[in-house]
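In: Return a 3D structure for these sequence lines:
(chains A and B)
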Amino acid sequence: MDPEQETWSRELEKLRPLLMLLARQNLNPRLWKDVDPSGVVQETLLEAVQGRDQFQGNGPLTLEGWARSILFRNLIDAVRRVHRAKRDVGREISWAAAVDESTRRIESQIPGKDRSPSELAMRSEDLMVLAIALERLEPAQRDAVEGHHLQGRSLAEVASLLGRSEAAVAALLHRGLRNLTEQMKGRG
Amino acid sequence: MKEDPGADPDERLGEAIAAYMRAAETGRPPHRGEFLSRYPELASELDLFLENHHEVDRLSRPLREWASSAHHVRKGQIIGAYEILGEIARGGMGVVYRAKQAALNRTVALKMIRAGRVATDEDVQRFRTEAKAAASLSHPHIVPIYEFGEHEGQQYFTMELIEGHTLDRHDRDCISEPREAGRLIALVARAVHHAHQRRIIHRDLKPGNILVDRAGRPHVTDFGLAMRVEGGERLTESNIVLGTLAYMAPEQLSDKVHPLTTSVDIWSLGVILYELLTGRPPFQGKNQIDTLDRIRKKDPLPPRGLNRHLARDLEAICLKCLEKEPERRYGSALGLARDLERWLNGEPIEARPVHPVVRAWSWCRRNPAGAGFALGAAVFLIASAMGTMLHLAGKRAAEAATMKGLVFTARFASSVILNRIQEWGTRVETIARSPELVGLLSEWRRSVKERPSADPEELKGRPEAKRFRPSSTPSPRSPWW
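Out: Numbering: from 1, shown residues only, chains lettered A, B, ... in the order given. This next block holds a predicted model:
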C-alpha cells in the first residue's frame, strides 16, 4: 500500500473512538437494533479512507471535523432509511419518538454555513481520552454514563431507555464513573 | 433508601445516588455535606460518586453543549426587522426568543425552527402550519401571530409576547384553589372552541402550551401540530405520533386509523384540569409504554381520591372529559366551558358521574380480550363451584346413609346380643333351679365326701382339677358352650 495512504488510514482509525461516541450520543439507544452505531462508524471510516482527495480540497476543515460531517450525514441517512422501511409496520410509539429525537439531534449537528465543525476541535484532546475510556467500559455501565452525561438525559429517562429501575441505573452510573475516571487517570 | 436499614447495601447506594440525581435534576442539588451526613455508612462511596460525577460532567460538557447549541441565535443578532434580546423557551422543534421590533417600538416573541437550515421538509411544513393555523384565529385567549418571515433561508414568525409564565410553572396554589383551576380551564376551553369552530384541532394542548399573563389570563399557543378537519386538508402530515404522550387522547394512540375529532382537545383539557386539581397527571406510568397502556385502558383515579376537598361536581366535569369513548365526553369545548361556568356560579351541572354498570360495560368494550377472559373465568368459577358443591353434597349424603346403616346394624346387633344374653341367663337360672339338677348335685357332693382319698395321685398331679372340681359352678357344659 502507498505509505501516504497508510498514514492516512491510521490517522482516521485514531478517530474511531470519538466517532463511536458521537454516534452513540446522537442516536437514541432504542434504534441501535436497527441502526448499529458501530456499523455507521465503519462505513464512515471506509468512506473517509477512500476520500483523501476530497478532504484535501475541502478548505479549513480539520480531519476530525470532516470525518464528523461524514458521520452525521451517514447517520441521518441510516435513520431515514429505517424509518421509511419500518414506518408502515406499525412500530411502537417510543420507536417513532426515538427516530424523531435522533433526527433532530443529528440534523442539528450537520455543519451549516456559519458554523465550523472545528469549534469542537479545541477540546478534542479531552474528549478523545473520554471516548477511549468509554470504549473500555462494560456495555451496561457505558450505556448509563452515556445516557446521562453525553445524551444529557434525566435519570428517569435513562432508566426507561435501559429498562432498569432508577436505583439500578444510579448504581451502574456510579460503577461506570469510577471505572471511567480510573481509566483516564491511568492514561494521564 | 436511608429509612430502610434492611436493604442490600448496593441497593441502598443506588437509591441514595438516585435521590441525589433527582434532586439535582430539579435544580436543587442537596448540599454535599448535608447529603453525605444523611447516609453516614455510605459516605465514602457517595463522596467518590460526587467527585467522579463532577469530573465526567466537566469533561463531557462541551460535547453536550455543542450538540444543543447548534444554530444558536445570539443576542443582538438581527433577524429581519427584529433584534434578538434573548431566549425565552426551547421546545422539541423550535426556539422562542424575545425580540425587539424597532419600527413599531414593541417587544415580540420570535419563533424559529431549532434544527435550522437542515430542517426536514416535514419540520418546515409543521412550522408553517403553526403560523398559518394561529394566524387564522382571533381570540382574546389565543396568542396572536404578527408576521411570518424568512431570514437567510431560515423561517421564523413573530407573535404577541405574553409576559407571564406557562401553566406548568403556574402557581401551584391552583391545587388548593379548585375554583381558579376551573376558571382557567373554562377560558381555555372557550378559546379552543373558537379554533374548533374554524375547523382547527390543536392536538397538543398541555400546560406548557398555555401561557398565563400577569393578570392571570390564559393564552393558548403552539399550534404546531394543529390539524384542519375539513375536506381532508391535513395541515400536519406525519407518520410519527406527535404530541406529548401524557396529554394525548386514547384515540390518538390507537393502532387503528381513526378520524380524529375535536374530542381529542377536550380530553387534553380534562388531563390539564385533573393535573391542576390533584397535582399529578391522571395517567402516569413507569415508562412510556406503561403510560400508553394506562391512557388506553385504565380509568383514572377519581380526583377526589387524591384531593378529598374537591367538589363532586368538579370531579364529574373532569372525569367526563376523560371518558375513553370520544362520544361520551362533552360534545364541544363550549359545553365544557359552560359546565365549568355553571359550577363556578353554583348552578347544577350537566356532567353526571357514570353508573358503575355503565363503567364496567365500557371497560369490557375497551378490553374485549380481558372481558372475554373475565367472563370465561367467571363461568368456569361458577361451574366448578357448583360442581364441587354437588359433589360434596352427594358425598355427604352417601356418608350419612352409610353411617345410618352402620348405626342401624350396630343397634340391631347389640339388641340381638342383649336378647340372647337375657335368654341364656334365664335358661341358666331355670336349669340351676331344676330339682333334677339340684338332686344330681347333692348326690355328687355326697359321693365326694364318701370317697375322700380316692385317687390322691391323680389329684396331686392335677391341682387345678382339685381346685376346680369342688366349685359349685352350675355346669361346665353350659347349654351355649
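In: quick one: contacts for residue B:284?
Out: Each residue near residue B:284 by C-beta atoms under 8 Å, 6 or more residues apart in numbering or on different chains is listed here: B:246, B:291, B:294. To be clear about C-beta, it is placed using only N, CA and C from the backbone, and glycine gets the same treatment.
In: roughly how far apart are it and residue B:253?
Out: 15 Å (C-beta to C-beta, to the nearest Å).
In: just residue B:36 next, same as before
Out: 44 Å.
In: domains for chain B, by residue range?
Out: B:9-68, B:70-161, B:167-366, B:434-468 (automatic domain parsing).
In: do chain A as well
Out: According to automatic domain parsing, chain A comprises the domains A:3-119, A:136-188.
In: Most tightly packed of the ones you listed?
Out: Highest mean neighbour count of the domains of chain A: domain A:136-188, a mean of 19 (counted as mean count of other C-beta atoms under 10 Å in any protein chain shown).
In: is it anywhere near chain B?
Out: Yes: with C-beta under 8 Å from any C-beta of the partner chain as the criterion, chain B is reached by domain A:136-188 at A:145, A:148-150, A:152, A:154-156, A:159-160, A:163, A:165-171, A:173-174, A:177-178, A:180-181.
In: Among those, which ones are in helices?
Out: Counting by DSSP state H, the residues of domain A:136-188 next to chain B place A:145, A:155-156, A:159-160, A:166-171, A:173-174, A:177-178, A:180-181 in helices.
In: Residue B:397 and chain A, how far apart?
Out: 57 Å (C-beta to the nearest C-beta, to the nearest Å).
In: and that residue, backbone torsions?
Out: phi -60, psi -40 (degrees, to the nearest 10).
In: do the same with the one 4 residues further on
Out: Here is the backbone geometry of residue B:401 (degrees, to the nearest 10): phi -60, psi -50.
In: One more: residue B:158?
Out: phi -120, psi 150.
In: looking at it, it is touching residue B:107, isn't it?
Out: No: the pair residue B:158 / residue B:107 is not scored as a contact, 10.2 Å apart, by C-beta atoms under 8 Å.
In: Residues that sit against both of these two, list them.
Out: Both residue B:158 and residue B:107 are in contact with B:99, B:101, where contact means C-beta under 8 Å, 6+ apart.
In: shaky segments in chain A?
Out: A:1, A:57-61, A:87-94, A:108, A:110-124, A:187-188 (pLDDT under 70).
In: Please enumerate the strands of it.
Out: Using DSSP state E, no strands are assigned anywhere in chain A.
In: residue ranges of the helices in it, please?
Out: Using DSSP H, the helices of chain A run over A:3-13, A:16-26, A:37-50, A:52-56, A:63-86, A:93-107, A:124-135, A:139-145, A:155-162, A:166-187.
In: Dump the C-alpha coordinates for the longest one into PDB.
Out: Read it as helix A:63-86. Provided in PDB are the C-alpha atoms of helix A:63-86 (Å, rounded to 0.1, in the frame of the first residue of the first chain):
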ATOM      1  CA  LEU A  63      -9.600  16.000   9.700                       C
ATOM      2  CA  GLU A  64     -11.800  15.300  12.700                       C
ATOM      3  CA  GLY A  65     -14.400  17.900  11.600                       C
ATOM      4  CA  TRP A  66     -14.500  16.400   8.200                       C
ATOM      5  CA  ALA A  67     -14.900  12.900   9.400                       C
ATOM      6  CA  ARG A  68     -17.600  14.100  11.800                       C
ATOM      7  CA  SER A  69     -19.600  15.700   9.000                       C
ATOM      8  CA  ILE A  70     -19.500  12.400   7.000                       C
ATOM      9  CA  LEU A  71     -20.600  10.500  10.100                       C
ATOM     10  CA  PHE A  72     -23.600  12.700  10.700                       C
ATOM     11  CA  ARG A  73     -24.600  12.500   7.100                       C
ATOM     12  CA  ASN A  74     -24.400   8.700   7.200                       C
ATOM     13  CA  LEU A  75     -26.300   8.600  10.500                       C
ATOM     14  CA  ILE A  76     -29.100  10.700   9.200                       C
ATOM     15  CA  ASP A  77     -29.300   8.600   6.000                       C
ATOM     16  CA  ALA A  78     -29.400   5.400   8.100                       C
ATOM     17  CA  VAL A  79     -32.100   6.800  10.400                       C
ATOM     18  CA  ARG A  80     -34.200   7.900   7.400                       C
ATOM     19  CA  ARG A  81     -33.700   4.500   5.700                       C
ATOM     20  CA  VAL A  82     -35.000   2.500   8.700                       C
ATOM     21  CA  HIS A  83     -37.800   5.000   9.200                       C
ATOM     22  CA  ARG A  84     -39.000   4.700   5.700                       C
ATOM     23  CA  ALA A  85     -38.700   0.900   5.800                       C
ATOM     24  CA  LYS A  86     -40.500   0.500   9.100                       C
END
